[in-house]
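[1] Here is a sequence with its predicted model. Questions after.
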Amino acid sequence: MTTALGEKIKAIIQANGPISVTDYFSLCLADPEYGYYKTKEPFGSSGDFVTAPEVSQLFGEMIGVFIVHAWQRHGTPSDVKLVEIGPGRGTMMSDMLRVIERLAPPLFETMSVHLVETSPRLREVQAETLAAHQGRISWHDGFDEIPPGLTLIAANELFDAIPIRQFVKTATGFRERMVGLDVDDELSFGTGVAGIDPQLLPEQAATVPIGTLFEIAPARESVMVAIADRLKAFGGTALALDYGHLITGFGDTLQAVRMHEFDPPLAHPGEADLTSHVDFQALGETAVAAGLHVNGQLHQGDFLVGLGILERAAALGRDREPRTQQIIQAAVDRLAGEGEGKMGELFKVMAVSHPAIDLMPFRSVD
């Protein structure tokens, strides 16, 4: 079975030759006619995947605790710009605002909220979720539209949806992985002529077998540089939470999710969500090169436990019926638990700031 976008991509390849994995990734998610984010409702039980804020209010609450802590470390300024990039349904921001209002009324009363969101459909959903805060929330297509002021940024599952480039080791060195057509005119992977700067490869590149894949993400690095420019101009902290790894390595992490199941990445273009793992080492190095302080990188479980999710869950479950307590406990285990398939281990968290400040629960690293 092919998809409308699949047919469009085949026509592009027939006319112009194979396309890079980056271009395929971009078309799948953002094609104006058939792109996944243009046509699908990806979040929640009816969508293709469930994000952490949809699992439990505890997630957004812990991010809210972190934002208050960062604000205090920055000297409790007024007129802060609270920014979320890629706010989904607005669930995380709603939970963050509840905690900020409770813990830090002076921050809540003087700050403005800015959502960077390009999808008109998702903006409508966000406006509904955040109806209680109408009047203090603005939407923006890009970072450059946000007014001046100390900036506190949260980005959950932003970077994994930004396209990557893939390179395959061949007998003549690493070559860019492409999407072309096989003998049956079906989409298939192949290699192109473009190489990669050897300085970008990890040390063991010479010894890995032919066929090994290596991924880089210039587009992700560009977003980090834009964040750095903002924080250097106005001061502030950015928090990124994403599916990924802390150490740069080899391997194919391109994956598609359709109706809560993994799907071959070329099988249903436009009808499956496409992501890949975020290389936090590379992202951290980009942040440092751009003049930011990296506060640290942690597994999501350690981050949430360090901010008090266990205590908050206990308070939330106190005097509730056993079934409710079980639901809360299961959510904590899914968000912060270690082990196969648990978000606590699969997801990583990184905070960057300017000027350099110490932030819990990270131990300062330079």
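    Nice, thanks for sending it over. Residues are numbered from 1 along each chain as shown.
[2] any weak-confidence spans in the stretch 201-350 of the chain?
    Residues of the stretch 201-350 of the chain that meet the criterion pLDDT under 70 lie in 340-341.
[3] swap that for the stretch 1-150 of the chain, please
    Ranges of the stretch 1-150 of the chain meeting pLDDT under 70: 1, 38-55.
[4] Helices along that one, start to end?
    All helices of the stretch 1-150 of the chain, identified by DSSP state H, counting those that start in this stretch, fall at 4-16, 21-30, 36-39, 52-55, 57-73, 91-103, 105-110, 120-129.
[5] For the first one, which residues meet the burial criterion?
    Of the residues in helix 4-16, those buried by neighbour count under the rule 16 or more other CB atoms under 10 Å are 5-6, 8-10, 12-13. To be clear about C-beta, it is placed using only N, CA and C from the backbone, and glycine gets the same treatment.
[6] From the contact counts, what lies against it?
    strand 19-20, helix 21-30, strand 173-181, strand 187-191 (3 or more CB pairs under 8 Å, 6 or more residues apart in numbering; DSSP states H and E).
[7] Ok, which of those comes nearest Glu311?
    Ranking the helices and strands packed on helix 4-16 by their distance to Glu311 (criterion: CB to CB) puts helix 21-30 first, at 38.0 Å.
[8] Next, the angle strand 173-181 makes with the closest one.
    Relative orientation of helix 21-30 and strand 173-181, computed by axes from the mean of the first three to the mean of the last three CA atoms, to 10 degrees: 40 degrees.
[9] any idea of the angle helix 21-30 forms with strand 187-191?
    150 degrees.
[10] out of the helices and strands packed on helix 4-16, deepest packed?
    helix 21-30 (a mean of 22; mean count of other CB atoms under 10 Å).
[11] Quickly list what Val294 is bridged to.
    Under the criterion DSSP bridges, Val294 forms beta bridges with Val352.
[12] how about the helices of the stretch 1-150 of the chain in TSV, adding distance to Gly317?
    Listed next are those as TSV, based on distance: least, CB to CB, whole Å:
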stretch	distance to Gly317
helix 4-16	45
helix 21-30	38
helix 36-39	36
helix 52-55	15
helix 57-73	11
helix 91-103	17
helix 105-110	26
helix 120-129	24
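[13] Out of these, flag the one nearest Phe234.
    Nearest to Phe234 among these is helix 57-73 (13.6 Å), distances taken as CB to CB.
[14] Now do the closest one: distance to the chain's middle.
    18 Å (CA atoms, centre = their mean, to the nearest Å).
[15] and what of stretch 102-112?
    Averaging C-alpha positions (CA atoms, centre = their mean) puts stretch 102-112 26 Å from its chain's average.
[16] What's the end-to-end length of it?
    One end of stretch 102-112 sits 16 Å from the other (CA to CA, to the nearest Å).
[17] just to revisit the earlier point, wait, which of the helices and strands packed on helix 4-16 is closest to Pro322?
    Among the helices and strands packed on helix 4-16, helix 21-30 comes nearest to Pro322, with 42.0 Å by CB to CB.
[18] Out of the helices of the stretch 1-150 of the chain, the one nearest Gly195 is which?
    Judged by CB to CB, the one of the helices of the stretch 1-150 of the chain that comes nearest to Gly195 is helix 21-30, at 14.9 Å.
[19] Need the contact partners of that closest one.
    5, 8-9, 19, 35-38, 161, 163-166, 176-179, 219, 254, 269-270, 272-274, 276 (CB atoms under 8 Å, 6 or more residues apart in numbering).
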